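Asks: Sequence and predicted model, in that order:
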2 protein chains.
Amino acid sequence: MGGKLTAKGKATRSRIIEGAAAVLREKGVSSTTLDDIMARTSTSKSQLFHYFPAGKDELLVAVAQFEADQVLEDQQPYLGCLDSWEAWEQWQDVVIKRYEAQGDECPLGSLFLQIGRSTPGARAIVIELMRRWQESLAVGIRSLQAAGQLPAALDVDTRAAALLAAIQGGVSILLSTGQSTHLRAALSQGITDLRHAGSAVP
Amino acid sequence: MGGKLTAKGKATRSRIIEGAAAVLREKGVSSTTLDDIMARTSTSKSQLFHYFPAGKDELLVAVAQFEADQVLEDQQPYLGCLDSWEAWEQWQDVVIKRYEAQGDECPLGSLFLQIGRSTPGARAIVIELMRRWQESLAVGIRSLQAAGQLPAALDVDTRAAALLAAIQGGVSILLSTGQSTHLRAALSQGITDLRHAGSAVP
DNA sequence: ATTACACTGGACCGCGCAGTCCATTGTGAG
DNA sequence: CTCACAATGGACTGCGCGGTCCAGTGTAAT
């Protein structure tokens, strides 16, 4: 990892990461072997250890980073401009659709419950992801305030945190039960409450 | 498992389950071996396979069931009588305290992301847990309605589902980041919103 | 007492899989 | 051209750990 990477090398490296991510989503962390990844990415074991000298753990962390980036990237177009109630509804639909499509496999969830504890760097990735995600929500709420749709006295950070928790909870229930009911309820209720937050402060 | 269990046998069996649960919380599912469990519970490998013929998976499912029961049992005294706002506050404190104490190890979370997919019976356990948990919340909300603290028109099920999701999300964020901020925010915000749900329907 | 069977101990096995090594083939720089 | 080093292939290894087996010890019934 001393930075010595040819163009070809870079390509292979990211091919490995993306392929590994795919396999991990399909088979789950615990039952995915290096051979699976080799097969999927058409690589040899030497390459795996060439690009990830510390072995499987290092690769998993890389995949985690990749997936984390992916999460925000996917909803960025919607998450980036939450300046009207329509935009919020749209974003809600996207999130629900995304996770329903993903079904019961959460690359991040399972990944972090697997390596999060042992590897110190892994936790940092989730923390950063959560921070950015929540910040985006906060920005959205503030832009609603600016537009006069919400009172300025609103506790933005708490609201954003609660909303993020609602999503995470909905998703984790979806993961473990296969039902998206809770995700839908959490999101729509959360947004509804946010909407009424102004009129209920008496 | 044909029901042939002496008193001694029953004792040993549950000793295994409880011991295994403890080890699993400490070391995580992936890095817990049968030998760890043997050491902790002072048993031999024969006993493990005597009481759980199908092997590790069966034992894990049993532990999962045990932990699931535990979750509700712990908060039952509070969860059982959510008939005043004070009771809700109290319950909130208990939940937060419980999970903060538990820190970053979630017996169920990691357990199910590990075996939930493969073992069919495992998923049923979570689903049942969620159902009962949510039902308890719903009962609490209805008793508030009965007491005239909340309008009868409230969509109880959606609210309960959202609340449950909020908790789960808070917990799962606590698990992966180590911070209880979101759990606190989600719970207090959720209860606050519920409280204001009546006055904001116009 | 004896019989049947639950219960326990511990040696043993085999395989799946992470990680190692060296030999060979690109490939960019000078 | 050639030299150094990245990139690849693939055989080999070590062992952790789930699972099996049998032999020995309770223990509750008749």
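Replies: Yep, it's here. Residues are numbered from 1 along each chain as shown, chains lettered A, B, ... in the order given.

Asks: Which residues are in contact with the residue of chain A found nearest DNA strand C?
Replies: In chain A, no residue comes nearer to DNA strand C than residue A:55, which is 2.5 Å away by CB to the nearest atom of the strand. Every residue, glycine included, has its C-beta placed from N, CA and C. With contacts defined as CB atoms under 8 Å, 6 or more residues apart in numbering or on different chains, residue A:55 is in contact with residue A:49.

Asks: what's it sitting at in phi/psi?
Replies: phi 90, psi -160 (degrees, to the nearest 10).

Asks: And it, how far from chain B?
Replies: 15 Å (CB to the nearest CB, to the nearest Å).

Asks: same question, residue A:182
Replies: Going from residue A:182 to chain B by CB to the nearest CB gives 4 Å.

Asks: Please apply the same query to residue A:12.
Replies: Distance of residue A:12 to chain B, given as CB to the nearest CB: 28 Å.

Asks: Surely that residue and residue A:47 touch.
Replies: Yes: look at residue A:12 against residue A:47 with CB atoms under 8 Å: they come within range, at 6.4 Å.

Asks: of all of chain A, which residue lies closest to chain B?
Replies: Residue of chain A nearest chain B, by CB to the nearest CB: residue A:169 (2.8 Å).

Asks: returning to that earlier point: between residue A:12 and residue A:47, what contacts are shared?
Replies: Residues touching both residue A:12 and residue A:47 (CB under 8 Å, 6+ apart): none.

Asks: need the contact list for the most centrally placed residue in chain A.
Replies: In chain A, the residue lying closest to the centroid (CA atoms, centre = their mean) is residue A:71, at 3.7 Å. Residue A:71 makes contact with A:108, A:129, A:133, according to CB under 8 Å, 6+ apart.

Asks: Buried only: go through those residues for me.
Replies: A:108, A:129, A:133 (16 or more other CB atoms under 10 Å in any protein chain shown).

Asks: And the helices in chain A, which stretches?
Replies: A:7-27, A:34-41, A:45-51, A:56-79, A:85-102, A:107-115, A:120-146, A:156-177, A:181-196 (DSSP state H).

Asks: packing partners for the first one?
Replies: Based on contacts counted as 3 or more CB pairs under 8 Å, 6 or more residues apart in numbering or on different chains; DSSP states H and E, the elements that helix A:7-27 packs against are helix A:34-41, helix A:45-51, helix A:56-79, helix A:107-115.

Asks: give me that answer again for 6 Å
Replies: Applying 3 or more CB pairs under 6 Å, 6 or more residues apart in numbering or on different chains; DSSP states H and E, we find helix A:7-27 packed against helix A:34-41, helix A:56-79.

Asks: Going by neighbour count, which residues of that helix are buried?
Replies: Buried, per 16+ other CB under 10 Å, within helix A:7-27: A:12, A:13, A:15, A:16, A:17, A:19, A:20, A:21, A:23, A:24, A:25.

Asks: so which of the residues you listed comes closest to residue B:155?
Replies: residue A:25 (34.3 Å; CB to CB).

Asks: Tell me which residues touch the closest one, please.
Replies: A:105, A:107 (CB atoms under 6 Å, 6 or more residues apart in numbering or on different chains).

Asks: try 10 Å
Replies: A:32, A:63, A:67, A:102, A:103, A:105, A:106, A:107, A:110, A:111 (CB atoms under 10 Å, 6 or more residues apart in numbering or on different chains).

Asks: residue contacts, the fifth one?
Replies: Right, residue A:103. Neighbours of residue A:103 in contact, by CB under 10 Å, 6+ apart: A:25, A:174, A:175, A:178, A:180.

Asks: Could you identify the least confident member of those?
Replies: By pLDDT, residue A:175 ranks lowest within the contacts of residue A:103, coming in at 86.

Asks: Residue A:100 is in contact with that one, correct?
Replies: No: counting by CB atoms under 10 Å, residue A:175 does not reach residue A:100; the two are 11.5 Å apart.

Asks: can you tell me if the lowest-mean-pLDDT helix or strand in chain A touches DNA strand C.
Replies: Lowest by mean pLDDT, DSSP states H and E among the helices and strands of chain A is helix A:107-115, with a mean of 73. No: Helix A:107-115 stays clear of DNA strand C (CB under 7 Å from any atom of the strand), getting no nearer than 11.8 Å.

Asks: which other helices and strands contact that helix?
Replies: helix A:7-27, helix A:56-79, helix A:120-146, helix A:156-177, helix B:107-115, helix B:156-177 (3 or more CB pairs under 10 Å, 6 or more residues apart in numbering or on different chains; DSSP states H and E).

Asks: what's the neighbour count on residue A:97?
Replies: Number of residues near residue A:97 (other CB atoms under 10 Å in any protein chain shown) recorded here: 11.

Asks: so who does it touch?
Replies: Counted by CB under 10 Å, 6+ apart, residue A:97 has contacts residue A:180.

Asks: now do residue A:38
Replies: Neighbours of residue A:38 in contact, by CB under 10 Å, 6+ apart: A:16, A:19, A:20, A:23, A:44, A:45, A:46, A:47, A:48.

Asks: which residue packs closest to the closest residue to DNA strand D within chain A, ignoring adjacent ones?
Replies: For chain A and DNA strand D, the shortest gap (CB to the nearest atom of the strand) falls at residue A:9, measuring 1.8 Å. Using CB to CB, 6 or more residues apart in numbering or on different chains and skipping residues adjacent in sequence, the residue nearest residue A:9 is residue A:51, 7.5 Å away.

Asks: I'd assumed residue A:58 was in contact with that neighbour.
Replies: Yes: counting by CB under 10 Å, residue A:58 is a contact partner of residue A:51 at 8.9 Å.

Asks: Any stretches of chain A with poor pLDDT?
Replies: A:1-3, A:113-114, A:116-117, A:198-202 (pLDDT under 70).

Asks: Write out the residues of it neighbouring DNA strand C.
Replies: Selection of chain A residues close to DNA strand C by CB under 7 Å from any atom of the strand yields A:6-8, A:31-35, A:45-46, A:49, A:55-57.

Asks: out of those, which are buried?
Replies: A:32, A:56.

Asks: so how many other residues sit close to residue A:4?
Replies: Residues near residue A:4, counting by other CB under 10 Å: 6.

Asks: do you know which of the helices of chain A lies nearest residue B:150?
Replies: helix A:181-196 (14.1 Å).
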